[in-house]
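[1] kindly return the folded structure for what I paste below:
(2 chains)
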Amino acid sequence: MIWESLPLLWRGTLVTLELTVSLLAVGLLVGVPVALGQVYGPRPLVFLMSGYERFFRAMPVLVLLLVFYYGLPPLLPAFGTAVLVFGLHSSAYQSQIFRGAIQAIKPGQILAARALGMTRLQTMRYIVLPQALRLAIPGWSNEYSGVLKDTSLAFAIGVTELTRQGDQIVSRTREPFLIFITVALIYLALTYLGTWLLELLERRWHVPGLTGQRREEHGRVI
Amino acid sequence: MAVSSKIVVRVEDLHKRYGNEEVLKGVSFAVRQGEALAIIGPSGTGKSTLLRCINRLTEPDRGRIFLEETEITSPHIDINKIRQQIGFVFQDFNLFAHLTALDNVRLGLMKVKGLSKKEATERAMHELARVGLAEKAHAYPAQLSGGQQQRVSIARALAMDPKLMLFDEPTSALDPELIGEVLQVMQHLAEEGMTMIVVTHEMGFARSVCHEVIFMEKGVIVEQGPPDQVFLNPRQPRTRQFLSKISELYGGAR
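    Here you go, the predicted model:
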């Protein structure tokens, strides 16, 4: 019985993964500029970015989803709406991950870059971002595991992701325990897989003195 | 190497205020090609601010600065073009933490000067060799001692082929036993005829390497002259006071 359900659950898993990857990408593309704006922008931009970030962090993502899908003129299909809403919501959280990472960079390096004749943009591109992205990985891994599970809320607007797929199987098979336990285990596996991949990336991007090593040092002295 | 008569940098009546505090109250001086100028004086008297105004990392409020014939305080200037011609060495090195020594030196060459990777690498390796660190090319800043980091930062500035080098207390963050290796690099540089301005507490260096010394206090130049005059026969009582305090602390001009 569970074997027969597996292809459908697999399809749901793929939709969940697509949702997660797309929303994280939207969140990254919006979140990084929001963070840069908050750290380096002129006063009005800081105000605007902080307002944006607070608004989206204050909204329950399910309410946002319902407002965007049912409350506004239909612009996007359910999947697209889910990506947009989750993405904007995540961008608010990601902006804070990146703001923390950017502020952990020693400001003297910015001076040194400008003293070499680099423009602001070059300084961002070659000095700030490469370090901020590395420093953001642990926080980002947290964000990944959070939003992965949030995607189940897309159920509410009819996106057939993993949880909804499971629910539909249950309504036919009347085996809620077995099916939902399988669904739960798939979420567990996806969480493990994703955080493991991010750990690999962290190790690969490791720079002595900037990342990772601190963990060893902390371990030694505490 | 002889100091030529050509003026590389000229500062005219420079003023800078932070809030209520005026840190520079009209500073003027000129540095000729091949000249090494030391700026000495108590902490918090505007020496670092002055240095940062020269490449406009800090914007002066009033006054003019010329690099050769170009007025760099003009609002119409592309400051990034000017900064490429002025090397700056910071007290705490400020190496890019995510890049190896080689990449620290190479980055400006590739991204600012537009050299190819091959040319930039050759140039960077040459500069690293010049400061005695060719074998550390692939080390990250955290894997280098303070003295080595400062030498890399000097190589990074020199690679841009500057007309002028500015040193902002380059040895103040170093352990005593590491100061020598940095001063030695700077001494060679001065001997090769690099035009440089050095804010320093190393009186020995100011005296034996520099051609001219400025004693600054409270935002003004109190005294200026050749090192022998300033150190042996200061005209101003304030200079005398400062120098005797320093020699009490360090046991004479080292």
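
[2] contacts and neighbour counts: CA atoms only from here.
    OK.

[3] what about A:Val159, how many neighbours?
    Number of residues near A:Val159 (other C-alpha atoms under 10 Å in any protein chain shown) recorded here: 24.

[4] one more: B:Met186?
    By other C-alpha under 10 Å, 23 other residues sit near B:Met186.

[5] tell me the secondary structure for it?
    Three-state assignment for B:Met186 (DSSP: H, G, I helix; E, B strand; the rest coil): helix.

[6] check A:His89 too.
    Per three-state DSSP, A:His89 ends up helix.

[7] that one is in contact with A:Val61, isn't it?
    Yes - between A:His89 and A:Val61 there is a contact under C-alpha atoms under 8 Å: 6.9 Å.

[8] settle it for me: which of these two has more neighbours?
    Comparing A:His89 with A:Val61 by other C-alpha under 10 Å, the one with more neighbours is A:His89, at 27 against 21.

[9] in the longest helix seen in chain A, what's buried?
    In chain A, with assignment by DSSP state H, the single longest helix is helix A:2-40. Neighbour-count burial for helix A:2-40 flags A:8-10, A:12-13, A:15-39 (criterion: 16 or more other C-alpha atoms under 10 Å in any protein chain shown).

[10] stretch A:176-183 now?
    A:Ile179, A:Phe180, A:Thr182, A:Val183.

[11] export these to JSON lines and tack on pLDDT?
    What follows is these, written out as JSON lines (pLDDT from 0 to 100):
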{"residue": "A:Ile179", "pLDDT": "93"}
{"residue": "A:Phe180", "pLDDT": "95"}
{"residue": "A:Thr182", "pLDDT": "94"}
{"residue": "A:Val183", "pLDDT": "95"}
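
[12] show me which of those is closest to chain B.
    Distance to chain B across the buried residues of stretch A:176-183 (C-alpha to the nearest C-alpha) is lowest for A:Val183, with 41.1 Å.

[13] from what I can see that closest one touches A:Glu161, true?
    No - look at A:Val183 against A:Glu161 with C-alpha under 8 Å: they stay out of range, at 10.7 Å.

[14] only C-alpha atoms, please: export stretch A:16-29 in CSV.
    The C-alpha trace of stretch A:16-29 is given here as CSV (Å, rounded to 0.1, in the frame of the first residue of the first chain):
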residue,chain,number,x,y,z
THR,A,16,8.0,21.0,-2.0
LEU,A,17,11.6,21.1,-3.1
GLU,A,18,10.8,23.4,-6.0
LEU,A,19,8.9,25.7,-3.7
THR,A,20,11.7,25.7,-1.2
VAL,A,21,14.5,26.4,-3.7
SER,A,22,12.5,29.1,-5.5
LEU,A,23,11.4,30.9,-2.4
LEU,A,24,14.9,30.8,-1.0
ALA,A,25,16.2,32.3,-4.2
VAL,A,26,13.6,35.1,-4.1
GLY,A,27,14.4,35.6,-0.5
LEU,A,28,18.1,35.8,-1.2
LEU,A,29,17.7,38.2,-4.2
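
[15] what's in contact with that stretch?
    For stretch A:16-29, contacts defined as C-alpha atoms under 8 Å, 6 or more residues apart in numbering or on different chains pick out A:79, A:82-84, A:86-92, A:94-95, A:144, A:147-148, A:151-152, A:161-162.

[16] now that stretch: average pLDDT?
    Averaging pLDDT along stretch A:16-29 gives 97.

[17] wait, A:Leu64 touches A:Gly87, no?
    No - using C-alpha under 8 Å as the test, A:Leu64 is too far from A:Gly87 to be in contact (11.4 Å).

[18] looking at those two, which one has more neighbours?
    Neighbours were counted for A:Leu64 and for A:Gly87 using other C-alpha under 10 Å; A:Gly87 has more, 27 against 18.

[19] how about the more buried one, nearest residue that isn't a chain neighbour?
    With C-alpha to C-alpha, 6 or more residues apart in numbering or on different chains as the criterion, A:Gly87 has its nearest non-adjacent residue at 4.2 Å, and that residue is A:Leu23.

[20] what separates stretch A:205-214 from the chain centre, distance-wise?
    Per C-alpha atoms, centre = their mean, to the nearest Å, the displacement of stretch A:205-214 from the mean C-alpha position of its chain is 23 Å.

[21] so it, near chain B or not?
    Yes - Stretch A:205-214 lies within reach of chain B by C-alpha under 8 Å from any C-alpha of the partner chain, at A:Val207, A:Pro208, A:Gly209, A:Leu210.

[22] would you mind listing what in the stretch 151-254 of chain B touches chain A?
    B:Ala157, B:Met160.

[23] chain B contacts on chain A?
    A:108-109, A:111-112, A:114-119, A:122, A:127, A:130-131, A:207-210.

[24] list the contacts of the nearest residue to A:Gln96 once chain neighbours are set aside.
    Computed as C-alpha to C-alpha, 6+ apart, the closest residue to A:Gln96 that is not its neighbour in sequence is A:Ala35, at 6.6 Å. Contact analysis of A:Ala35 by C-alpha under 8 Å, 6+ apart lists A:Met49, A:Ser95, A:Gln96, A:Phe98, A:Arg99.

[25] the residue of the stretch 51-200 of chain B found nearest chain A: which element?
    Residue of the stretch 51-200 of chain B nearest chain A, by C-alpha to the nearest C-alpha: B:Asn80 (4.3 Å). Element membership for B:Asn80, per DSSP states H and E: helix B:79-83.

[26] export the buried residues of stretch A:176-183 to JSON lines and tack on distance to B:His15 and secondary structure?
    Below are the buried residues of stretch A:176-183 laid out as JSON lines (distance: C-alpha to C-alpha, whole Å; DSSP: H, G, I helix; E, B strand; the rest coil):
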{"residue": "A:Ile179", "distance to B:His15": "75", "secondary structure": "helix"}
{"residue": "A:Phe180", "distance to B:His15": "73", "secondary structure": "helix"}
{"residue": "A:Thr182", "distance to B:His15": "72", "secondary structure": "helix"}
{"residue": "A:Val183", "distance to B:His15": "69", "secondary structure": "helix"}
